[in-house]
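> structural data only, the sequence is not supplied:
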């Protein structure tokens, strides 16, 4: 008699209210007589199983006994099934059998409403391999070594005892006991490179403290007030707590926050391009402006062709406005040539608009600036490999207000 077969018979009956002895015999490739012996064995072991003879009969479990054995409330059942469904990649595959058995035990199947993908866009394989290796190292108490790039650009080889994987904010972190510093440290997984899981085992010690940050920042935090253009709203709400953000009447966003004034904060603010202005402190605004000017001086003259519209944003708005009036459609931003000029009411070429936006002295369609940007962004992204539609829109929101059609709107 197979103990594994007895176990599987029980779970099949939990999943389906009734099965015939013949169906069970065919599934396990044994005789009907063997199935009846199995049922007797389960009954003798205290499993509430019974057989109904004749047409429409079969083998079943008593419903009230199953419910009495459930150790979880309805809400606990839902939470447990949801937690298993939320696993991603290899972890979810490993838990598939458990999920199926628990669903049968609880006689319920939760909707698949939640999925967690631990990888970044375009890097699923690398991230999942790294995560699986770290999970194994934590569970098996194996020492790991890796190269870590800190938030300040310093790369160093680390040897640690991994303790816990934590998801916080918008990223995954590893908490581990650093053998060099003889203390717990937190490492961001995306900056953890050249990972090696060693055969060396360690004895787990005290659990790590609650996750805070990585290596402590250099210098005291400085209160700052930053003003972001409306086009930067997606990043502002991604990267700052909503309580720090206030929206102005013109759609701009003002953020009150404190950062250490170091190389990191200058690089971070420069990542917003012309979409941010430092309101306070004044010294930070001046130093940031000088750094931006130095970057501009080291750059080549921006190409004003349609493939390089983004370069226009970094220079003086007033100078670029003059360039655009001369070379671009003042409605959609398309480069303006003799071949694609629109026409005035008298049939003469329009000096400002292309034929797609303007004909016979009138615009070809009524729309808002936002609607024009939504229409043009996919074409700009297609013309610039590597640019997303959201990035195209962000650039357009900066220079479209300078175009003649949209000024003052």
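Sure, I can see it. Keep in mind the model is a prediction, meaning the values are calculated, not measured. Numbering: from 1, shown residues only.
> spatially nearest residue to residue 340 (excluding sequence neighbours)?
The spatially closest residue to residue 340, leaving aside those adjacent along the chain, is residue 354, at 5.0 Å (CB to CB, 6 or more residues apart in numbering). In this view, the C-beta of every residue, glycine as well, is placed from N, C-alpha and C.
> just checking, that neighbour touches residue 334?
Yes. In this structure residue 354 lies within contact range of residue 334 using CB atoms under 8 Å: 5.1 Å.
> overlap of the contact sets of those two?
Both residue 354 and residue 334 are contacted by residue 340, under the criterion CB atoms under 8 Å, 6 or more residues apart in numbering.
> the residue nearest to residue 340 - how many residues pack around it?
By other CB atoms under 10 Å, 23 other residues sit near residue 354.
> quick check: residue 375 vs residue 383, distance?
Counting by CB to CB, to the nearest Å, the gap from residue 375 to residue 383 is 14 Å.
> tell me the SS of the spatially closest residue to residue 265 that is not a sequence neighbour?
Excluding its sequence neighbours, the residue lying closest to residue 265 (CB to CB, 6+ apart) is residue 259, at 4.6 Å. Here residue 259 is recorded as strand under DSSP: H, G, I helix; E, B strand; the rest coil.
> need the contact list for residue 259.
For residue 259, counting by CB under 8 Å, 6+ apart, the contacting residues are 221-222, 224, 265, 268.
> in a strand, residue 26, correct?
No. Under three-state DSSP, residue 26 sits outside any strand and is assigned helix.
> tell me the contacts of residue 17?
For residue 17, counting by CB under 8 Å, 6+ apart, the contacting residues are residue 60.
> list the buried residues for the helix or strand where residue 373 lies?
When elements are assigned from DSSP states H and E, residue 373 belongs to helix 369-383. Neighbour-count burial for helix 369-383, counted by 16 or more other CB atoms under 10 Å, picks out 369, 372-373, 376-377, 380-381.
> what's the closest of those to residue 149?
Distance to residue 149, by CB to CB, is smallest for residue 381 among the buried residues of helix 369-383, at 30.1 Å.
> from what I see, the closest one and residue 389 are in contact.
Yes. Assessed by CB under 8 Å, residue 381 is found in contact with residue 389 at 4.8 Å.
> touching, residue 149 and residue 194? I think so.
No. At 10.6 Å, residue 149 and residue 194 do not qualify as touching, with contact defined as CB under 8 Å.
> tell me what residue 178 is bridged to.
Residue 178 has the following beta-bridge partners by DSSP bridges: residue 160, residue 183.
> residues in contact with the residue lying closest to residue 224 once chain neighbours are set aside?
Leaving aside its chain neighbours, residue 224 sits nearest to residue 257 (5.7 Å; criterion: CB to CB, 6+ apart). Residue 257 makes contacts with 223-224, 226, 240, 244, as judged by CB under 8 Å, 6+ apart.
> related to what we said a few turns ago, residue 149 and residue 194: who's more crowded?
Legend: neighbour count by other CB under 10 Å for residue 149 and residue 194, higher for residue 149 (15 against 10).
> look up phi and psi at the more buried one.
The phi/psi pair for residue 149 (degrees, to the nearest 10) reads phi -100, psi 110.
> and the nearest residue to it once chain neighbours are set aside, how far from residue 128?
Nearest non-adjacent residue to residue 149, counting by CB to CB, 6+ apart: residue 191, 4.4 Å away. If you measure residue 191 against residue 128 using CB to CB, the figure is 17 Å.
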